[in-house]
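[1] quick one, structure for this:
(chains A, B, C and D)
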There are 4 protein chains.
Amino acid sequence: MNTKLTYYPVKEIDNILLHGRMDTSLNVVPMLSNGSGIEVNVTGSELWADIEADYTDYEPWVAIELNGELISRFMLDRGRREICLFRGIDPSRITRVKFYRELQAMSEDLKTAVVIRGLRGNGSFMTPPSYDHRLEFIGDSITSGEGTYGARSDEDWAAYCMSYSGTYANLICKELNAESRIISQGGWGIFSGWDNDRRHNVPRHYETICGLNSGGENDKYGASRPYDFSSWIPDAIIINLGTNDNSGFNQPPFTDPDNGAVYKLSLNPDGSHIKEDDLLIGNAAIDFLKLIRKNNPSPHILWVYGMLGYDLTPVIVDAIERYKLETNDKNIRFLQLPSANSDTLGAREHPGLKSHMIAAGVISDYLKTYFNSQPLS
Amino acid sequence: MNTKLTYYPVKEIDNILLHGRMDTSLNVVPMLSNGSGIEVNVTGSELWADIEADYTDYEPWVAIELNGELISRFMLDRGRREICLFRGIDPSRITRVKFYRELQAMSEDLKTAVVIRGLRGNGSFMTPPSYDHRLEFIGDSITSGEGTYGARSDEDWAAYCMSYSGTYANLICKELNAESRIISQGGWGIFSGWDNDRRHNVPRHYETICGLNSGGENDKYGASRPYDFSSWIPDAIIINLGTNDNSGFNQPPFTDPDNGAVYKLSLNPDGSHIKEDDLLIGNAAIDFLKLIRKNNPSPHILWVYGMLGYDLTPVIVDAIERYKLETNDKNIRFLQLPSANSDTLGAREHPGLKSHMIAAGVISDYLKTYFNSQPLS
Amino acid sequence: MNTKLTYYPVKEIDNILLHGRMDTSLNVVPMLSNGSGIEVNVTGSELWADIEADYTDYEPWVAIELNGELISRFMLDRGRREICLFRGIDPSRITRVKFYRELQAMSEDLKTAVVIRGLRGNGSFMTPPSYDHRLEFIGDSITSGEGTYGARSDEDWAAYCMSYSGTYANLICKELNAESRIISQGGWGIFSGWDNDRRHNVPRHYETICGLNSGGENDKYGASRPYDFSSWIPDAIIINLGTNDNSGFNQPPFTDPDNGAVYKLSLNPDGSHIKEDDLLIGNAAIDFLKLIRKNNPSPHILWVYGMLGYDLTPVIVDAIERYKLETNDKNIRFLQLPSANSDTLGAREHPGLKSHMIAAGVISDYLKTYFNSQPLS
Amino acid sequence: MNTKLTYYPVKEIDNILLHGRMDTSLNVVPMLSNGSGIEVNVTGSELWADIEADYTDYEPWVAIELNGELISRFMLDRGRREICLFRGIDPSRITRVKFYRELQAMSEDLKTAVVIRGLRGNGSFMTPPSYDHRLEFIGDSITSGEGTYGARSDEDWAAYCMSYSGTYANLICKELNAESRIISQGGWGIFSGWDNDRRHNVPRHYETICGLNSGGENDKYGASRPYDFSSWIPDAIIINLGTNDNSGFNQPPFTDPDNGAVYKLSLNPDGSHIKEDDLLIGNAAIDFLKLIRKNNPSPHILWVYGMLGYDLTPVIVDAIERYKLETNDKNIRFLQLPSANSDTLGAREHPGLKSHMIAAGVISDYLKTYFNSQPLS
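    Below you'll find the predicted structure:
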């Protein structure tokens, strides 16, 4: 490695933009979930990241963008090492570099972790990029990008299939010049997971930095600590949940290993949802909306749904309307997204890049119209 | 004109497929609304249609398809004449010809009428085309194709801007090999029209053949007579209404010239809909669904909405859910369509052909999935 | 018809743009070939064209554009009549109307003719549209739009299959804000036609107004008269010829009915072209280029080729290079166009609209680059 | 690393497909140029590659495809290490893995090298994929994928901008189920390089395995040894050269540091090419075609050109025709490709992915037609 490079502990760099929820009191930058990472405008011919990674079953994947374009995407093996973010550039040029995690927070592998300890380069850190909007995305496997990489026939739940780079979240951010924070987990729901496991609801981790990861390696990076909502106020919060709740109606009962309780969302003989079970989901949605609003007084809330089927639309719409009546908060809307089809599905019967592009277009159109209709602050 | 051609009174032709609602007891084929017309598989080198047209303000437009492709589209002036449907074809070949009305039933011009009296040709009428599905479409200006022709900047409500050829209805039918019947009227709603005129609700004309036209020229062609729902049983009924009801909230009050009553859907001070007024629309939707189901026991009902904004989604979804609870009829779904944007709008700030193509894709995907999940009859 | 409309003999209207080669000394506007017609910016609620048409076998087709968008396309039957170009428009608005011929000059039917005698309206003719460029197109069936309308399976050489509206010529003109004049004839070549008929070469009619039509009905409209090249100086001349010359190698010999001569372009035993026969074509190309340049000192000449196969590319390129050497005229280029494939073919195994869109993109890109590189005059 | 994995020296694996020209007598797999690498069908949950890389200025980039889809792309730092090709897969499944070099053979950095020494996994190597066609591509920066990665504004000649994954060569191979071998070098030409450096002609390295790399690190991997053309007989050889030769006309003279000779391709005062200099290129093209044919008696030769401008088309076409006359070899064609435009350019004013997709479509169409017209062997 070029010995003329200078090493900068990452938290000593002022001109750096941190992406994703994180404990900023640490002396490292933990990349806790998809889309988390760093972004700099830097001169110099090269830049390296000093990173440390670990995992048991699910290895972290990361990506590099130069000047807004994806140029590299790869897995990280265990251990500490220096990763080249770029090299071979005219040293006087300002290069915009974004280095971010592709893999979701991995609740199934509490060892999965990746942190940035420092950067090494031969230039100066200039004012980092600024964005026009801040968007928070809350979701499940769709928001974790499952299916955005891999072949149509790929079936294994492997880390490479997931991404931030190929998601509607990233595509919307590029279209709107927005930065994002993501809370998402494959298989999880509003009320319960795809297999009726009620522990697998996203809302219960909303108020911690990245509670999806809590109880393991990432606790030392603040995953379980309370999230300071005042630190980054989004313009809009996009929720994409419901797909897994709906799945529970068609799955066998789940026995909670913690307490032996047996859970199942049930169907009527005619195949329709039992009303009470729809209400379990709807009420959980209302509670989640209240929780979100308690922590986020100002952002527009947009609930999007439909990329893997439309079954839960009435339950979500009804919950939103009841929430509005109960709270008199009308700063919320529902938006249905076109379901992926045989042309737009990716790996693992999940939406592929084409499906994410279509969804991103519909949501971006909506948000542009919404933002344009707002008074200038 | 070639004197070797033979004239066939249109109702004496057995091998003919009639498109659209009509009084089949007449000795003519009235083309009462968009998509109405005739279709034949015919040999011979040419074929002409003996038609008669009239109008005061809004001239009828028609289109010709040969072998499934649009080759001609033009207005009809007043009077009786023979129109060439095709010529110059190898006489031994079977040509599939569809001749249909582009312009919606014209409630604003009761003189607007066009009928087919006969065909003149030099070949034989073979078994007409058969279709895999029957679809009924109920809607407003979107379903009347307003904006599918004309420049982005065109502003006049002129007949050429409307079509069947460029609508999602036609595109879906081509994708699914389906035939259609259309009941649609620009500016009308479920409960009231774009300007709060409560007479302008589509449901009140649903049970007549084409009541949108009643009270004028078309009454002699059966427009006001009851429609025989058993004569053509659709596989699905697609409703695309709500856009004009929503408009009423932002329009001034309307004074009914018949009785002096003043009507207006109203907003709360915060800009949201007054709940009672939403309920007027929702209840009208429920009544309409009941009316549809009374006359159509079997078809799947699909309510689509969104091509010009999403405001009324919760009202429609709530109405559908209440309808399901009240009637225990679960054979109905809601599907939101992507709103037209600056790239996909056509004339008169209405969805253009690109927007209709996107909507047709979403609905076709849905219907394919639905039809594939049904047991074979 | 509205009796308040005023009739204007077409040649008494000053503010009118005439499209296409024509004898301007006539008191009518003859639409001699594809793309020929009129264009006006006019106020008033409606406008009609007083036209007269005739044919024996191949009926003329025409099209109407309002404000740059195609809204109507239809055949004309024999006789004189008034055609509505638009109606139902706010009378204070300026409407841009273009009315033009879709069908090529019809050398196979010398009775085919259509002329405009007058316009009838209730507004004023304002300054007509102006264009940034003038483009002359010279070609065969591709430039006559054969295949741009009709089903993929359509096989008859019928008038409806041809157009100006769907051709690369029209698409390029829209992209570059250009007006065009077209000399094209299906089946004809540089040296001989698709069937080795040497009379069917386009160059021999280049110096008359529309000699393709000479000897019949259109002679009274000046088709055979010399064309005044100074009357309309193009910025570029696009030649798209060679496809039919190439066909002759694979067709049987042709016996000229005029003189009994037997003609055939021949292949070597290995399937390659006999060199002497390639030279017949190449030399004819050189002669044609000289003829074009003699009459057009300034325009850039662009020879495009390939939409139906690439076989003749070396012959054309060699001819161009020899022409440059002989004449020292270097203001000429060759551009190969992507061949139509199964996705982009239209009726009659000819390029469909998609293929024309691709070709138009390649040529427009080229011309934009060329025009941008020219010194401003 | 999983200690239950088994290490296989790469050359002891029978069921492996080697991509790219290489010396097969070595006990390693050298990845000498873009597209070179290995492909296996393998069971087991994971697979790692034992590789060794080096460079001074231009680091090698590599890519991984699983089941035909790109999932990872990254640079390699100096040294030996094990790279994970995949992990986390159901061990009973057969995974198709391709691991290949993205970066061209790097004549500007003779230290740039990367070899595969072994694979480590826990499954069995099954019969590797088979392909329908073999295609050899010979080219310059376009074929080296320069511009297929990176932002439109990126200007530095850096390794990340180049690829095999984003090139027309790869896209054609996917479309035709073909395997490829690539000989390409950015800035080089048929006769001389972009800067008039006559040493930078691709033909002089055609008969060695990868002479572009000769004289350095890769000589120990056989780069300079003669290539055994009988070892892999292509169905077609696609040459994409000429862009840099043309550049020389507009560049200053080049002084050969080896012998002090000064070289420049020159323009006439009117901006056209001096005929003698065009002939230098054309004659070099003829010599190259003879060299190719001497070593490859059977393949179809296709010369493609145009993605960065059409200037040299007549020179290439003329050379091909002269070659045909001289040799009587007619198994060769010229195909012009659409020039990249502002929508399709990528980094460094080079064709971007979109441009490569368009070129791949045109060439694939041509090759499909060609292969379909050949007698079955």
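
[2] tell me if I'm right that residue A:143 and residue A:184 touch.
    Yes: the pair residue A:143 / residue A:184 is scored as a contact, 3.7 Å apart, by CB atoms under 8 Å. Placement of C-beta: from N, CA and C, glycine included.

[3] all helices for the stretch 201-350 of chain A, in order.
    Taking DSSP state H, counting those that start in this stretch as the criterion, the stretch 201-350 of chain A carries its helices at A:243-248, A:275-295, A:313-327.

[4] centre of the chain to the longest one, how far?
    This points to helix A:275-295. Averaging C-alpha positions (CA atoms, centre = their mean, to the nearest Å) puts helix A:275-295 20 Å from its chain's average.

[5] quick check: buried residues in it?
    A:277-282, A:284-289, A:292-293 (16 or more other CB atoms under 10 Å in any protein chain shown).

[6] just checking, what packs against that helix?
    With contacts taken as 3 or more CB pairs under 8 Å, 6 or more residues apart in numbering or on different chains; DSSP states H and E, helix A:275-295 sits against strand A:236-240, strand A:300-305, helix A:313-327.

[7] how much space separates residue A:239 from residue C:213?
    Separation of residue A:239 from residue C:213 (CB to CB, to the nearest Å) stands at 68 Å.

[8] what comes into contact with stretch A:336-345?
    Contacts to stretch A:336-345, defined as CB atoms under 8 Å, 6 or more residues apart in numbering or on different chains, come from residues A:147, A:152, A:304-310, A:313, A:350-352, A:354-355, A:358-359, A:362-363, B:306, B:313, B:335-336, B:338, B:361-362, B:365-366, B:369.

[9] after the host helix or strand of residue A:62, next one along is what?
    Assigned by DSSP states H and E, residue A:62 belongs to strand A:61-66. As assigned by DSSP H and E, the chain's next helix or strand after strand A:61-66 is strand A:69-75.

[10] packing partners of that following strand?
    strand A:61-66, strand D:69-75.

[11] so how far is it off the chain centroid?
    Mean C-alpha position of strand A:69-75 versus that of the full chain (CA atoms, centre = their mean) differs by 18 Å.

[12] again, but for stretch A:164-174
    Relative to the chain's own centre, stretch A:164-174 is displaced by 10 Å; criterion: CA atoms, centre = their mean.

[13] so, low pLDDT: which residues of chain A?
    Along chain A, the parts satisfying pLDDT under 70 run over A:1-3, A:375-377.

[14] ends of stretch A:134-149, how far apart?
    26 Å (CA to CA, to the nearest Å).

[15] over to stretch A:35-54?
    In stretch A:35-54, first residue to last residue: 18 Å (CA to CA).

[16] now find how far off-centre stretch A:202-209 is within its chain.
    Counting by CA atoms, centre = their mean, stretch A:202-209 comes out at 13 Å from the chain centroid.

[17] same question, stretch A:239-248
    16 Å.

[18] the residue nearest to residue A:235 when sequence neighbours are not counted bridge partners, please.
    Leaving aside its sequence neighbours, residue A:235 sits nearest to residue A:133 (CB to CB, 6 or more residues apart in numbering or on different chains; 4.8 Å). Bridge pairing for residue A:133 (DSSP bridges) gives the partners residue A:178.

[19] OK, contacts around residue A:133?
    Contacts for residue A:133 (CB under 8 Å, 6+ apart) come out as A:176, A:177, A:178, A:179, A:235, A:236, A:367, A:371.

[20] show the buried residues in those residues.
    Of the contacts of residue A:133, these count as buried by 16+ other CB under 10 Å: A:176, A:178, A:179, A:235, A:236, A:367.

[21] between the residues you listed, which is nearest chain B?
    residue A:367 (11.7 Å; CB to the nearest CB).

[22] which helix or strand contains that closest one?
    helix A:353-373.

[23] ok so, going back, mutual contacts of residue A:143 and residue A:184, please.
    The overlap between the contact sets of residue A:143 and residue A:184 (CB under 8 Å, 6+ apart) consists of A:34, A:137, A:240.

[24] the last one: what's it in contact with?
    Read it as residue A:240. Going by CB under 8 Å, 6+ apart, residue A:240 touches A:137, A:138, A:139, A:140, A:142, A:143, A:184, A:303, A:304, A:305, A:307.

[25] redo those as a markdown table? Include distance to chain B and neighbour count.
    A markdown table is the format used below for these (distance: CB to the nearest CB, whole Å; neighbours: other CB atoms under 10 Å in any protein chain shown):
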| residue | distance to chain B | neighbour count |
| --- | --- | --- |
| A:137 | 19 | 28 |
| A:138 | 20 | 23 |
| A:139 | 18 | 29 |
| A:140 | 20 | 27 |
| A:142 | 17 | 30 |
| A:143 | 19 | 29 |
| A:184 | 22 | 28 |
| A:303 | 11 | 25 |
| A:304 | 10 | 25 |
| A:305 | 9 | 26 |
| A:307 | 12 | 26 |
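
[26] among those residues, which are in strands?
    Among those, DSSP state E puts A:137, A:138, A:139, A:184, A:303, A:304, A:305 in strands.

[27] show me which residues of chain A are close to chain D?
    A:57-59, A:66-69, A:71-75, A:77, A:84, A:86-90, A:93, A:149-151, A:153-160, A:347 (CB under 8 Å from any CB of the partner chain).

[28] at 7 Å what do you get?
    Chain A comes close to chain D at residues A:57-59, A:66-69, A:71-75, A:77, A:84, A:87-90, A:149-151, A:153-154, A:156, A:158-160, as judged by CB under 7 Å from any CB of the partner chain.

[29] which of the residues you listed are buried? Put it as a PyMOL command.
    One line in PyMOL is enough to select the buried members of the residues of chain A next to chain D, burial here meaning 16+ other CB under 10 Å:
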select buried, chain A and resi 58+59+66+67+69+71+72+73+74+75+77+84+87+88+89+149+150+151+154+156+158+159+160
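
[30] what bridges to the nearest residue to residue A:74 once chain neighbours are set aside?
    Nearest residue to residue A:74 in three dimensions, chain neighbours excluded: residue D:74, at 4.1 Å (CB to CB, 6+ apart). Counting by DSSP bridges, residue D:74 is bridged to residue D:62.

[31] tell me the contacts of residue D:74?
    By CB atoms under 7 Å, 6 or more residues apart in numbering or on different chains, the contact set of residue D:74 is A:72, A:74, D:61, D:62.

[32] can you give me the neighbour number for the last one?
    Using other CB atoms under 10 Å in any protein chain shown as the criterion, residue D:62 is surrounded by 26 other residues.

[33] now it: how far from residue D:179?
    For residue D:62, the distance to residue D:179 - CB to CB - is 18 Å.

[34] over to the first one?
    When distance is defined by CB to CB, residue A:72 is 25 Å away from residue D:179.

[35] likewise for the third one?
    As judged by CB to CB, residue D:61 and residue D:179 stand 20 Å apart.

[36] now swap in residue A:84 and tell me
    In this view, residue A:84 and residue D:179 are 30 Å apart by CB to CB.

[37] next: residue A:333.
    Applying CB to CB to residue A:333 and residue D:179 gives a distance of 51 Å.

[38] what does residue A:110 give?
    Residue A:110 sits 43 Å away from residue D:179, taking CB to CB as the criterion.

[39] returning to what we had before: which other helices and strands does the strand holding residue A:62 contact?
    strand A:69-75, strand A:95-101 (3 or more CB pairs under 7 Å, 6 or more residues apart in numbering or on different chains; DSSP states H and E).

[40] now the first one against strand D:61-66, angle please.
    Spelled out, that is strand A:69-75. Angle of strand A:69-75 versus strand D:61-66, following axes from the mean of the first three to the mean of the last three CA atoms, to 10 degrees, is 70 degrees.

[41] and whichever residue of chain A sits closest to chain C, how many residues sit next to it?
    Taking CB to the nearest CB, chain C has its nearest neighbour within chain A at residue A:343, 14.8 Å off. Using other CB under 10 Å, residue A:343 has 10 other residues around it.
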